[in-house]
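> Sequence plus predicted model, see below.
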Amino acid sequence: MTNQDDPRREKAVRVRSPRGARVTEIDWADGHKGIYPHKILRGFCPCAGCQGHSGEIKFIDVDGIALELEEIEKVGSYALALKWFDGHSTGIYSYRYLRSLCHCDACKAERDGERAPG
């Protein structure tokens with residue numbers, strides 16, 4: 001089984017997003033420490049209102065209060081629902097989708113086709 005096939009990749013064990021922070025951190029069951037800038041989370045919100053129905057994911061540029069998280073709720077055993085301070089709350093982020101948005105050094109390097117530092 002490769003690391004990509006490890007079912008622990010899609011199980012969040014701890015979520016940290018202090019009030020006023022601009023980054024959310026997620027500890028995954030496989031030991032990975034995910035880093036999620038709010039600009040990325042909100043910019044790639046998966047809801048139909050942000051993404052439409054074409055199936056193509058696009059980045060929506062927002063700023064200010066739209067980048068502050070008000071609440072994070074667990075959705076079953078597969079996702080998180082994020083509620084932003086501007087009232088936007090229809091995005092349900094599956095754990096698989098969140099892993100694809102991770103901005104830690106290792107994940108950014110992997111997306112860019114480079115070796116991770118260290």
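Noted; the coordinates are in hand.
> so what's the closest residue to Ser77 other than its chain neighbours scoring on pLDDT?
Spatially, and ignoring its direct neighbours in sequence, Ser77 is nearest to Lys11 (7.6 Å; Cβ to Cβ, 6 or more residues apart in numbering). Bear in mind the C-beta positions are built from the backbone N, C-alpha and C, glycine included. Lys11 is assigned 89 on the pLDDT scale.
> My understanding was that Lys11 contacts Trp28; is that so?
Yes: using Cβ atoms under 8 Å, Lys11 is in contact with Trp28, at 6.6 Å.
> okay, the two: which has more neighbours?
Trp28 (20 against 13; other Cβ atoms under 10 Å).
> wait, doesn't that one sit right on Pro7?
No: contact criterion Cβ under 8 Å: Trp28 and Pro7 do not qualify, at 10.9 Å.
> that older thread, quick one: contacts for the residue nearest to Ser77?
28-30, 77, 95 (Cβ atoms under 8 Å, 6 or more residues apart in numbering).
> Restricted to helices, list the residues you listed.
Of the positions in the contacts of Lys11, Tyr95 sit in helices, assigned by DSSP state H.
> Just send the contacts of Lys11 back as a markdown table, with pLDDT and distance to Ala106 too.
Formatted as a markdown table, those follow (pLDDT from 0 to 100; distance: Cβ to Cβ, whole Å):
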| residue | pLDDT | distance to Ala106 |
| --- | --- | --- |
| Trp28 | 96 | 12 |
| Ala29 | 95 | 17 |
| Asp30 | 94 | 12 |
| Ser77 | 93 | 25 |
| Tyr95 | 96 | 17 |
